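# Please work out how this folds:
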Amino acid sequence: MKIRKGKIEDLDTLEIISKEQFKVKKLQPKFKILLRDNSYHIQIIEEKGAVIGFIIIKFLYKNLIDIYSIAIKKEYQNRGYGYKLLSNTLKNFHKYKITLEVSEDNLAKKLYFKCGFKIDSVRKRYYGNKDAILMSFYKLEPGSEES
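Presented below is the predicted three-dimensional model:
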């Protein structure tokens with residue numbers, strides 16, 4: 001298993017994973033744009049040289065990032081790859097507050113709780129009849145202004 005930065009050469013595979021995981025077209029990331037935009041960072045997870053998932057983060061402010069999207073190929077789900085990818089992101093961006101939004105019926109909620117995310121608020125009926133849950137993760141560093 002290897003985690004690395006996304007490259008333009010990954011474009012086709014990223015789009016295949018995205019279409020598999022996000023059935024609503026407007027929820028599918030626009031990778032061609034994101035790979036060229038410095039406010040986004042794409043991490044890839046590979047198994048035996050094959051891309052099996054990704055996480056996209058967006059830099060919002062000097063100490064705030066948002067998890068824009070995360071997906072693991074269906075045949076690799078429930079095997080710890082999402083946890084490894086998200087944990088790696090939390091470790092690499094430990095000086096940031098990290099936010100995300102997830103539908104109330106999305107099974108990834110369990111992963112977010114497992115990694116230490118907390119619920120900040122709920123947007124009622126944001127996805128039609130489903131609520132959107134706004135979550136965040138922030139680990140205070142010793143000696144930081146907030147600690």
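# what are the ranges of the helices in the protein?
With DSSP state H, the ranges of helices along the chain come out as 11-21, 31-34, 81-92, 108-114.
# Could you tell me which residues within the longest strand anywhere in the chain count as buried?
In the chain, with assignment by DSSP state E, the single longest strand is strand 50-61. Neighbour-count burial for strand 50-61 flags Val51, Ile52, Gly53, Phe54, Ile55, Ile56, Ile57, Lys58, Phe59 (criterion: 16 or more other C-beta atoms under 10 Å). All C-beta atoms are positioned from the backbone trio N, CA, C, and that covers glycine.
# which residues touch Asp12?
The contact partners of Asp12, by C-beta atoms under 8 Å, 6 or more residues apart in numbering, come to none.
# where does it land on pLDDT?
With respect to pLDDT, Asp12 scores 86.
# separation between it and Leu85?
Between Asp12 and Leu85 the computed distance is 20 Å (C-beta to C-beta, to the nearest Å).
# How about Ser18?
Shown here: Ser18 relative to Leu85, a distance of 15 Å by C-beta to C-beta.
# out of the two, which sits in the more crowded spot?
More neighbours surround Leu85 than the other of Ser18 and Leu85, with 23 against 19 (other C-beta atoms under 10 Å).
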